[in-house]
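# mind looking at a prediction? Sequence and model below.
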Amino acid sequence: DIQMTQSPSSLSASVGDRVTITCRASQDISNCLAWFQQKPGKAPKSLIYAASNLQSGVPSKFSGSGSGTDFTLTISSLQPEDFATYYCQQYKHYPLSFGGGTKVEI
Amino acid sequence: EVQLVESGGGLVQPGGSLRLSCAVSGFTFSDHYMDWVRQAPGKGLEWVGRSRNKANRYTTEYAASVKGRFTISRDDSKNSLYLQMDSLKTEDTAVYYCVRVIIPGYHYVYWGQGTLVTVSS
């Protein structure tokens, strides 16, 4: 099974900060990597697929990069609505797997 | 507008059974793969399993943690996905989400709002 390791598990940031979250796969997953945002009590929201493709309607302050085993999610200028937990997911191999999450706090 | 609405959650004793439903609208259900994903209270996301579409003979995949206990099925005539959960354990307590899988690409876009399953005596 593929293990997805996110870092950091939590971070504190301020409005306007640039934030980067990393996700590492235990084996090559090509670009089959997605990022999700989840706020308390809500379903996850899809942000990025295929490592770097923005979902429709997602603001361009979000960007993703990487391939193979190492990936990053960047938020260029953090806004109050971006404080949430972010998850990566590999969908290259069964069983699909998620990272442990990164909680972005004020 | 794409909608996925889960139902059927509730309180069940260990060893019991429960059947979740996911009613979908806004897209051609029979063309799509569908997944179940769960989230234990205060924990991260865990993939549960997948139902492939009619073209792929409705075959299924499961996480090891639920294989042999959970069964995913669907009724294309009712635009509905199901998760039959048997031999439930306390560690199955979670919010269960149904998710539409985009083909090609096999990534997610649309999630349901989730339904809470609590396994407790």
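Alright, I've got the coordinates.

# for the residue nearest the centre of chain A, pull up the helix or strand it's in.
Geometric centre of chain A, nearest residue: A:Trp35, 3.7 Å, by CA atoms, centre = their mean. Per DSSP states H and E, A:Trp35 falls inside strand A:33-38.

# and stretch A:4-23, what's buried?
A:Met4, A:Gln6, A:Val19, A:Ile21, A:Thr22, A:Cys23 (16 or more other CB atoms under 10 Å in any protein chain shown). All C-beta atoms are positioned from the backbone trio N, CA, C, and that covers glycine.

# rounded mean pLDDT for it, please.
For stretch A:4-23, the mean per-residue pLDDT is 97.

# how near is the residue nearest to the centre of chain A to B:Asp92?
Using CB to CB, to the nearest Å, A:Trp35 is found at 27 Å from B:Asp92.

# residue contacts, A:Ile2?
A:Ala25, A:Ser26, A:Gln27, A:Ile29, A:Gln90, A:Lys92, A:His93, A:Ser97 (CB atoms under 8 Å, 6 or more residues apart in numbering or on different chains).

# about what we covered before: closest to B:Arg100 among the buried residues of stretch A:4-23?
Distances from B:Arg100 to the buried residues of stretch A:4-23, taken as CB to CB, are shortest for A:Met4 (21.4 Å).

# find the nearest non-adjacent residue to the closest one, please.
Nearest non-adjacent residue to A:Met4, counting by CB to CB, 6 or more residues apart in numbering or on different chains: A:Gly99, 4.1 Å away.

# can you check the pLDDT for that neighbour?
For A:Gly99, the model assigns a pLDDT of 98.

# then B:Pro104?
pLDDT, read off for B:Pro104, is 85.

# so B:Ser17 makes contact with B:Leu83?
No: judged on CB atoms under 8 Å, B:Ser17 makes no contact with B:Leu83 at a distance of 11.0 Å.

# how about the residues of chain A by chain B?
Proximity of chain A to chain B is confined to A:1, A:32, A:34, A:36, A:38, A:43-46, A:49-50, A:55, A:87, A:89, A:91, A:94-101 under the rule CB under 8 Å from any CB of the partner chain.
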